[in-house]
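Engineer: make a model of this:
(4 chains)
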Number of protein chains: 2
Amino acid sequence: MTYTTGAAEDYLKTIYSHTEWQGDLITPSALALRLGVAPSSVTEMVKKLATSGLITHVPYGPLALTDAGRLRATAVVRRHRLIETWLVGEMGYDWDQVHDEAEVLEHSISDRLLEAINARLGFPTHDPHGDPIPAADGTVLRPPASLLTDATVGQSGTVLRISDRDPAVLRELAADLIGPGTEFTLTAPFTIALADGQSRLISVAAAASIWVTAPD
Amino acid sequence: MTYTTGAAEDYLKTIYSHTEWQGDLITPSALALRLGVAPSSVTEMVKKLATSGLITHVPYGPLALTDAGRLRATAVVRRHRLIETWLVGEMGYDWDQVHDEAEVLEHSISDRLLEAINARLGFPTHDPHGDPIPAADGTVLRPPASLLTDATVGQSGTVLRISDRDPAVLRELAADLIGPGTEFTLTAPFTIALADGQSRLISVAAAASIWVTAPD
DNA sequence: CATCCGTTTTAGTCATACCGAAATCCTAGC
DNA sequence: GCTAGGATTTCGGTATGACTAAAACGGATG
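Structural biologist: All right, here's what the predicted structure looks like:
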C-alpha cells in the first residue's frame, strides 16, 4: 500500500518532471526512454503505482499523477534539489557535477537530515540550475517560462533555469557566465546580448536547455 | 566478481566488526543474529562472498575475511564512521542518533562526497564513540583495550570507546558526561571516580559497552 | 563409540525489478 | 472502413536477496 521503493520514487519523479515544464502527460514509451528501462518494465511498475493510488492509467493511455502521487513526487524532487543546492553551496561541487550524487542520495537521506541541510542553507527557494524547490507540503512556485529556442529575435528577458540533463551544456554556460538571473536580449538565433553589452553565441543544445521569462 | 551491493557490504562490515574488538572469528549463526536474517540467508550470501574472493569459508566452519574482503569492509566502516562524525560535528545530531542514518548513507555516498566531508571535518581519526576511522588504504589504528566489565577494582585508565550498539546506553553516559577521553578509577563494580573527584554509578549494560585502556 | 542436539546447509518459495519476444491495441493514411 | 505500423501489454525468464521447513552434519556427552 505505502509503496515507496527507490525504483517507484524514480518513476514518480520522472512522471512529475515531464509535466513540470512541458505541460502534457507522459506516455509509457517516453517514460521508458527517460528512465532507460524497457517498455515492459514500465507497464509492470505502472500497474503497481496505479494499484497504490499514486497514478491513474487507462490501458494504452498516458499516465497522470494522483494528488497522493504528486505529493510523493514533489517530496523526491524536493530532496533532489536541496541536495544539489547543498553540494554546490557547501561541498565544493560545480553545478554540472551534482546530478548523479543527488540521484542516489535522494532515496536514502532521512527527513531529519534533509531539514538540517535545508536550515543550514537558509531555506533556499531554488536550486543551482534555477529549478524551484518544492515546499514540504508539495507546493511549487513556478513562474511562466519558455525555451530560448522558442524566443523571437529582439526578445528580452531573464534566464530562469537551465535543464540539468546535459552536463556539457552546463559547463558551456558556466564558462559563458550564463545562469539563472542572467538578463539578456536575443539578437539572433542563438546569439544573446548581456546586460553589460557583451554578446554570446549559444549552441543549439544549450539554447534548448535554457528556460527564460515568458514574453509579454 | 566485483560484488558490491549494499547487502554484501553489510555482511562484510559485520564480519569485520566482530573481529575488530573481540578477536575471534564469527560463525554463520552469530552473523545471522547480528544482521537479523535467517541462517539460511547467511549460507547463501557466504557462498557469493566466497566465490568473489572476499571471505574464506570451509563448510560448517567459521568465516574469515580475505585481504580483499577486509579492504572492502574497512572502506564501509570508514564511510560509516566519517558520516557519524559529520552528523554530530556539523549537523546537530547527538551521538545516540547517528547510527541508523549512517547505516543507510554508508552505502550511497560517493567517494568524492566522502572526501569532501572528511576534509571539512579536518581529517578526524576517531568517530564520536571513540572508534578509529580506518584510512582509505584500510589501515586502522587501534590501541589495546578491554571492557570495563573485565576491569579490577582499583584499576585506573581512560575511556577509549563506547559501543554504539545501544542508544539508551549512549544517552545514559552522555548524561553522566562520560565519553572517549574520560579518565577514571574503578572503585567498585561498577562505580568509577572521575578526575575531578566525582563518582558515577554505571549500569551493567553501560559497563559492558565501555572499552578502556588495557591495564599495565 | 553411539547418540543427541545445536549448527549449518539444502530445497523450495516469494517479492522486486528488470529483460526480450510475441500478442494486442489504436490510429493515421488510404 | 480497412489496414499497416507504432505503441502498449502480456508472457516467460533472469537476478538478487530474503524466507521456512527439513535434511545433513559434527562436536560433546554418556
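Engineer: and the lengthiest helix in chain A, what does it pack onto?
Structural biologist: With secondary structure taken from DSSP state H, chain A has its longest helix at helix A:67-89. Judged by 3 or more C-beta pairs under 8 Å, 6 or more residues apart in numbering or on different chains; DSSP states H and E, helix A:67-89 is in contact with helix A:6-22, helix A:99-105, helix A:111-120. From N, CA and C alone the C-beta is placed, and that goes for glycine too.
Engineer: among these, which is nearest A:Gln155?
Structural biologist: helix A:6-22 (18.4 Å; C-beta to C-beta).
Engineer: what angle sits between the closest one and helix A:67-89?
Structural biologist: 90 degrees (axes from the mean of the first three to the mean of the last three C-alpha atoms, to 10 degrees).
Engineer: quick one: mean pLDDT over helix A:6-22.
Structural biologist: For helix A:6-22, the mean per-residue pLDDT is 92.
Engineer: which residues are contacting the helix or strand that comes right after it?
Structural biologist: Counting by DSSP states H and E, the element after helix A:6-22 in chain order, helix or strand, is helix A:28-35. When contacts are defined by C-beta atoms under 8 Å, 6 or more residues apart in numbering or on different chains, helix A:28-35 is touched by residues A:10-11, A:14-15, A:18, A:38-39, A:41-43, A:46, A:62-63.
Engineer: and stretch A:14-26, how far from the chain's centre?
Structural biologist: Chain-centre distance of stretch A:14-26: 10 Å, with C-alpha atoms, centre = their mean, to the nearest Å.
Engineer: list the buried residues for that stretch?
Structural biologist: Neighbour-count burial for stretch A:14-26, counted by 16 or more other C-beta atoms under 10 Å in any protein chain shown, picks out A:14-20, A:26.
Engineer: got it, and stretch A:164-181?
Structural biologist: Buried, per 16+ other C-beta under 10 Å, within stretch A:164-181: A:164, A:166, A:169-170, A:172-173, A:176, A:178-180.
Engineer: kindly report the same for stretch A:205-216.
Structural biologist: A:206-213.
Engineer: distance check, the closest residue to A:Ala116 other than its chain neighbours against A:Asp96.
Structural biologist: In this structure, A:Ala116 finds its nearest non-sequential neighbour in B:Met91, 4.6 Å apart by C-beta to C-beta, 6 or more residues apart in numbering or on different chains. Per C-beta to C-beta, to the nearest Å, B:Met91 is found 26 Å from A:Asp96.
Engineer: then A:His80?
Structural biologist: 15 Å.
Engineer: swap in A:Ile162?
Structural biologist: 10 Å.
Engineer: so what sits against both of the two?
Structural biologist: A:Leu170.
Engineer: comparing these two, which residue is more hemmed in?
Structural biologist: A:Ile162 (26 against 19; other C-beta atoms under 10 Å in any protein chain shown).
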